[in-house]
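Asker: What shape does this take:
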Amino acid sequence: MGIVIDEELAKKTSCLCYQIGPTKEPWDLLCWSKGVIGTLTDRQEAKYCPTKRIKPATEGLKDRLEKFVEGIHAAQKRYKGEGIQKWLELVSEELSKRGL
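Answerer: Alright, predicted model coming up:
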């Protein structure tokens, strides 16, 4: 979820999106907008992307996303409901194992 710092700028500028799935639907895009820190959720994309510049994901981005997802899944398997601090430690460990 992106953190909106300038809503007007976000609403009037186009978004840069990378297609990370097979379609150009919101769930297959990773988008950024001026005025927002971080990537957009599907809801934010609908609200803050009047137009989109869609590019294919680079091999490097695809590789990082795969490693990220693998790390999150590995952390989920190890997590036993011990609180946010433990969750963040596990995620950090798993992402570090994958070079992220």
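Asker: What segments of the chain are strands?
Answerer: 3-4, 15-19, 29-33, 36-37, 52-56 (DSSP state E).
Asker: Now the residue most central in space within the chain. Nearest residue, chain neighbours left out?
Answerer: For the chain, the residue sitting closest to the mean C-alpha position, by CA atoms, centre = their mean, is Thr39 at 5.0 Å. Nearest residue to Thr39 in three dimensions, chain neighbours excluded: Leu30, at 5.6 Å (CB to CB, 6 or more residues apart in numbering). In this view, the C-beta of every residue, glycine as well, is placed from N, C-alpha and C.
Asker: how far away is the one you found from Thr51?
Answerer: Per CB to CB, to the nearest Å, Leu30 is found 16 Å from Thr51.
Asker: and what of Cys31?
Answerer: Cys31 is 11 Å from Thr51, by CB to CB.
Asker: Over to Glu89?
Answerer: 41 Å.
Asker: what does Gly83 give?
Answerer: As judged by CB to CB, Gly83 and Thr51 stand 42 Å apart.
Asker: sorry, back to before: report the set of residues contacting both of Cys31 and Thr51.
Answerer: Residues touching both Cys31 and Thr51 (CB atoms under 8 Å, 6 or more residues apart in numbering): Cys15.
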